[in-house]
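Q: Fold the stuff below for me.
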Amino acid sequence: MSWDPVIVATKNLGIIYRAAWSPCSRFIAIDGSWFMTEVQILDAVTLRRVKSLTRLPGFTRLLSFSAEGHSLIRGGGEPEDFISWDLQTGVLVSTISPEQGERECHHPSGFFRHLEKGAVSITYSGCGTMFGVLSKRHDATAIITYNLLLGRSVGSYPVKGPVADVIWTYNKSIRFATLGPGSITTWEVGFVSENPATEVEHLPTPNSFDPSEEFLFLPTLSRLSFVLEDAIFVWDAKCSKLLLSYVDIDRPREMSFSSDGRFFACATGGPEIYLWKDSPTGYTLHQKFVSATREYSSPWKPLLSPDGRSLLAFSGLTLQLWHTTDPTTSLSSVSTQAVQDARPFVLGFSPDHSLAAAARLGSDMTTVLDLRTGIPRLTIDTGMTIYGLGVAESTVVVVGDSEIVTWNLPKGDRALNATANIDDSVRIIAFDHLPSSGLLPSAAISPDFNHIAVVGVDVEGSVGLNLYDATTGNHLAGIQLVGEMPWFAPDGHKVWYRYLEGAYERTIVKDNESYSLKLEHLGPTRRQPEGCPWTPSRGYKITDDGWILSSNGRRLLWLPPHWRSTKVNRMWSGRFLAFLHHQLPEVVILELLE
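A: Below you'll find the model as predicted:
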């Protein structure tokens, strides 16, 4: 669930206000701000533009493909009311701009004048020559029907009460639903009939439903979704039962059903979109999507494709598209549940890139992973607080709160998934003074395993970088600073540490058998030090939108957003890339194969 199965994310040339799926789920139409002069038709796999339809500047309330998918209608705003195009040729088919007199002819009192500007839903007749529009204003609601060939309105029907924002075609008529406390009422009007709406069916609503709250109605299955405070509900009116009651969500907002009701999506006030899948026991959480960009200007608007296989989301300038089916690449061990122990991870790769040792900073358990097989080789209950790790071909070294402890690794390929504890260690070296007196420090081991660097609160209560002899535990040097997560250069002569998004470097200078440390600040315009663990190796690159590129620029993999929130939560070693994000329940290591 955490491996985001995004297809593509892209930025549009203007602010996106409306989007629509074609009935075949192969194309997407988007329309935007007042000053845009084009409606764009996009490929629903790549989000690449396949056609542009010229329009006059103006605001759009409705955007819809015709039932057979051959034409597109835009309207409900200024300056035209409705315009339609032939999608194969891109030619304008009709423009419906009723004059004031024509509008008042259908509404003698003038009460519904300019009502089309509040259009919220559209449906087509079976022959495709007519369509009906549900229009809303704060003081009035009506259904207005139009003839595409004649280019004018042919009927209007006032509607009373709270109305669901959807109308649909049933046989040769238009149906809509009014919602009130305790019931859903379905009504029917003709495309050209002068008769008033007739009542068709009554269905129950749950006691908690309030028509003044946000809601969405799926007419084909008579399912009602609604928001009550910070909870989202889905009600099956046919069976009079609740299919979904979900409270663990941040400010539920926009909602969407697939045509068959198999999927239901809800956006939040942040970058997340939740997707539920229908099951015999009700809707179950299927996926949780996180936006590929943090630069969203408004809440995401989710739009499920008619076949339910894809989810489109748009906000401001950005479009994103996901698969709703189970992702091909799944990491079943990675959960979307909240991580209680939200501390960063420490990790060390062996020099030959065959092993990796990982632990959550401050925990007492570490795992050594065989990178050739992906199977844990040794799991150690160290019995102490872990500050740093180092691993070689035959040993693993753990830096604790007061000691440096070494274990031998089991020999042979068959000795996998073994366990050990402090009694199995082969060497224990005590620090000559404690590296920390309160705040959790972090440590690094030099490539030759001769030195330990610790960033943390020293015995005097100051944050500092301290250097120790790994063979004796003796304190060699120290200096006050602000930072965390120290790392040694490949040659072992330099130590750097991170502070915010920057790197600071200390050079180890040997002078008369004593050590001193001097600082060189690496500004944002300077290159990272060679061998910096969060700098890609072998020519790899990570783009701003999360793609890992090979040395020749080929896309290898798209990263989920929470794995790329900050560069220093990654660790590179040859063709291996590890993610140490504190919100993940465990370290994730990828092997990049071209």
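Q: Only C-alpha atoms from now on, for both contacts and neighbour counts.
A: Fine.
Q: ok, now which ones touch the closest residue to residue 17 other than its chain neighbours?
A: On the basis of C-alpha to C-alpha, 6 or more residues apart in numbering, the spatially nearest residue to residue 17 that is not a chain neighbour turns out to be residue 32, at 4.7 Å. Shown in contact with residue 32 (C-alpha atoms under 8 Å, 6 or more residues apart in numbering): 14-18, 39, 59-60.
Q: all helices for the stretch 401-550 of the chain, in order.
A: Across the stretch 401-550 of the chain, reading from the start of the chain, there are no helices by DSSP state H, counting those that start in this stretch.
Q: Which residue, other than its chain neighbours, is closest to residue 570?
A: The spatial neighbour of residue 570 that comes closest, neighbours along the chain excluded (C-alpha to C-alpha, 6+ apart), is residue 579 at 4.7 Å.
Q: ok, how many other residues are close to the one you found?
A: By the other C-alpha atoms under 10 Å criterion, the neighbourhood of residue 579 contains 23 residues.
Q: residue contacts, it?
A: By C-alpha under 8 Å, 6+ apart, residue 579 lies in contact with 563, 569-571, 587-589.
Q: hmm, try it at 6 Å
A: The contact partners of residue 579, taken as C-alpha atoms under 6 Å, 6 or more residues apart in numbering, are 569-570, 587-588.
Q: Please give me every residue in contact with residue 51.
A: Under the criterion of C-alpha under 6 Å, 6+ apart, the contact partners of residue 51 comprise residue 41.
Q: going forward, begin numbering at 40 instead of 1
A: All set: I'll call the first residue 40, so the last point we hit is now residue 90.
Q: and the residue nearest to residue 609, what are its bridge partners?
A: Taking DSSP bridges, one obtains residue 609, residue 627 as the residues bridged to residue 618.
Q: That one and residue 626, how far apart?
A: 6 Å (C-alpha to C-alpha, to the nearest Å).
Q: my read: residue 131 touches residue 124, true?
A: Yes - the pair formed by residue 131 and residue 124 meets the contact definition of C-alpha atoms under 6 Å, at 4.4 Å.
Q: who has more neighbours, those two?
A: It is residue 124, of residue 131 and residue 124, that has more neighbours when counted by other C-alpha under 10 Å, with 20 against 16.
Q: Please look at that one and residue 108 and confirm they touch.
A: No - using C-alpha under 6 Å, residue 124 is not in contact with residue 108, being 11.0 Å away.
Q: Give me the buried positions along stretch 461-469.
A: 461, 464, 467-469 (16 or more other C-alpha atoms under 10 Å).
Q: next one: that stretch to chain centre, how far?
A: For stretch 461-469, the gap between its own C-alpha mean and the chain's C-alpha mean amounts to 44 Å (C-alpha atoms, centre = their mean, to the nearest Å).
Q: ok so, going back, mind checking which of the contacts of residue 71 are in strands?
A: The strands in this structure, assigned by DSSP state E, contain 55-57, 78 from the contacts of residue 71.
Q: Can you convert the residues you listed into TSV and add a column each for neighbour count, distance to residue 247 and pLDDT?
A: As requested, the ones in strands among the contacts of residue 71 are exported to TSV (neighbours: other C-alpha atoms under 10 Å; distance: C-alpha to C-alpha, whole Å; pLDDT from 0 to 100):
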residue	neighbour count	distance to residue 247	pLDDT
55	19	34	84
56	20	32	84
57	20	31	88
78	21	41	89
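Q: which one of those residues is nearest residue 507?
A: Proximity of the ones in strands among the contacts of residue 71 to residue 507, judged by C-alpha to C-alpha, is greatest for residue 55, which lies at 57.6 Å.
Q: From residue 124, how far off is that closest one?
A: Distance of residue 55 to residue 124, given as C-alpha to C-alpha: 20 Å.
Q: Residue 624 now?
A: Residue 624 is 51 Å from residue 124, by C-alpha to C-alpha.
Q: would you list every one of the helices in the stretch 40-189 of the chain?
A: According to DSSP H, counting those that start in this stretch, the helices that the stretch 40-189 of the chain contains are 139-145.
Q: middle-most residue in this structure, spatially?
A: Nearest to the mean C-alpha position of the chain, counting by C-alpha atoms, centre = their mean, stands residue 329 at 1.1 Å.
Q: Now do the same contact list for it.
A: Contacts were defined as C-alpha under 6 Å, 6+ apart; by that measure residue 329 touches 310-311.
Q: beta partners for it?
A: Beta-bridge partners of residue 329, counted by DSSP bridges, are residue 311.
Q: Report the separation between it and residue 314.
A: For residue 329, the distance to residue 314 (C-alpha to C-alpha) stands at 11 Å.
Q: Isn't residue 524 up against residue 536?
A: Yes - shown here, residue 524 and residue 536 form a contact pair, counting by C-alpha under 6 Å, at 5.4 Å.
Q: okay, and for the stretch 490-633 of the chain, where does confidence drop off?
A: Along the stretch 490-633 of the chain, the model assigns pLDDT under 70 to residues 496-501, 539-543, 548-570, 599-607, 622, 633.
Q: Mind pulling up the pLDDT for residue 477?
A: Residue 477 carries a pLDDT score of 53 in this model.
Q: hang on, I meant residue 130
A: 85.
Q: How many residues are close by it?
A: That count, for residue 130 with other C-alpha under 10 Å as the rule, works out to 13.
Q: could you list every residue that touches it?
A: If you count contacts by C-alpha under 6 Å, 6+ apart, residue 130 has them with residue 124.
Q: cool, residue 133 as well?
A: 122-123.
Q: residue ranges with poor pLDDT in the stretch 240-389 of the chain?
A: 330-337, 365-381.
Q: Tell me where it has strands.
A: If DSSP state E, counting those that start in this stretch is used as the criterion, the strands of the stretch 240-389 of the chain fall at 254-257, 262-267, 270-275, 280-285, 294-296, 302-306, 311-318, 321-329, 340-343, 349-354, 357-362, 384-388.
Q: pretty sure residue 589 is in contact with residue 582, am I right?
A: No - with contacts counted by C-alpha under 6 Å, residue 589 stays clear of residue 582, the gap being 11.0 Å.
Q: higher neighbour count, the two?
A: Between residue 589 and residue 582, counting by other C-alpha under 10 Å, residue 589 is the more crowded of the two (18 against 12).
Q: Pull up the gap between that one and residue 614, please.
A: Where residue 614 is concerned, residue 589 sits at a distance of 10 Å (C-alpha to C-alpha).
Q: and if you look at residue 304?
A: When residue 304 is compared with residue 614 (using C-alpha to C-alpha), they lie 37 Å apart.
Q: more neighbours, those two?
A: Looking at residue 304 and residue 614 with other C-alpha under 10 Å, you find the greater number of neighbours at residue 304, namely 23 against 16.
Q: In this structure that one contacts residue 292, no?
A: No - Residue 304 is not in contact with residue 292 according to C-alpha under 6 Å; the separation is 10.1 Å.
Q: what ranges do the strands span in the stretch 390-539 of the chain?
A: Residue ranges of the strands in the stretch 390-539 of the chain, as given by DSSP E, counting those that start in this stretch, are 394-399, 404-409, 414-420, 427-430, 434-438, 442-447, 457-460, 466-469, 481-484, 490-496, 502-508, 514-519, 523-527, 533-538.
Q: still on that earlier bit, nearest to residue 596, of the ones in strands among the contacts of residue 71?
A: Within these, the smallest distance to residue 596 is 27.5 Å, found for residue 55 (C-alpha to C-alpha).
Q: out of everything not next to it in sequence, what's closest to that closest one?
A: In space, and not counting its chain neighbours, residue 55 is closest to residue 71: 4.1 Å by C-alpha to C-alpha, 6+ apart.
Q: Would you map out the domains in the protein?
A: Taking automatic domain parsing as the reference, the chain has its domains at 137-243, 384-570, 573-633.
Q: Pull the distance from the longest one to the chain's centre.
A: For domain 384-570, the separation from the chain centroid amounts to 34 Å (computed by C-alpha atoms, centre = their mean).
Q: ditto for the shortest one
A: Between the centre of domain 573-633 and the centre of its chain there are 17 Å (C-alpha atoms, centre = their mean).
Q: tally of neighbours for residue 207?
A: Burial of residue 207, expressed as a neighbour count using other C-alpha under 10 Å, amounts to 22.
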